[in-house]
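>>> Return a 3D structure for these sequence lines:
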Amino acid sequence: MTQKYDNPLSDMNKIKADLMSLFCESEDLTNLITPGHCFDTPYIEGAVTDNSCAVFVETYLTKIENQRIKEVGIDITVVCHMDSVVLSDEEKTYYESIDVYGNRVDSAVQIINSSILNLKQNYSIGSMNLLDKNPLEQYVLPGTGFYGKVLHYTYQAFYQRSNKSRQVIF
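Numbers count the residues shown, from 1 in each chain. Here you go, the predicted structure:
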């Protein structure tokens, strides 16, 4: 009997939703980006207002190894208004006590990366890793007053199998 495999794009939004949920569960991260949000589209206009911060998650298919294995790329962007980038002395003391250093953006990307490193990976072939080349890039929107950084990850996974119990494969 031949096993049926779904379209390799079928679980891309589920991956984003799971990561967004993971980030929203991190009190250390939500304290850094509040009153901002976590979004599944990388559009800052209308999403981030005033001096807010936000996390954007985007997924894309980078490679199809064969009819069962795919490689998924994930970009996680942290953006803060320049008025919010500097941590207060109290915030700085707290985050340094948990070995997180730098401004609000730097601190957020460290917490995000730690969250991803601690993921319990159920179905992936290996783990979700930062890209070897250019894993972290600066993100600046000229004239908008926003600054940020983008983390680039990749992982290999099986196509989502056709059955009643659908789960993200990472």
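
>>> if I look at the residue most central in space within the chain, how far off is Met20?
The geometric centre of the chain, computed from its C-alpha atoms, lies nearest to Ile76 (Cα atoms, centre = their mean), at 3.5 Å. Here the criterion is Cβ to Cβ, to the nearest Å. By it, Ile76 lies 10 Å from Met20. For the C-beta atoms, the positions are set from N, CA and C on the backbone; glycine is no exception.

>>> Give me the phi and psi angles of the residue nearest to the centre of the chain.
Here is the backbone geometry of Ile76 (degrees, to the nearest 10): phi -120, psi 120.

>>> Find the nearest non-adjacent residue to it, please.
The shortest distance from Ile76 to any residue that is not its chain neighbour, by Cβ to Cβ, 6 or more residues apart in numbering, is 4.5 Å, and that residue is Leu151.

>>> from memory the one you found sits against Asn129, does it?
No. Contact criterion Cβ atoms under 8 Å: Leu151 and Asn129 do not qualify, at 10.9 Å.

>>> higher neighbour count, those two?
In terms of neighbours (other Cβ atoms under 10 Å), Leu151 is the more surrounded of Leu151 and Asn129; the figures are 22 against 14.

>>> That's all I had, so thanks and see you.
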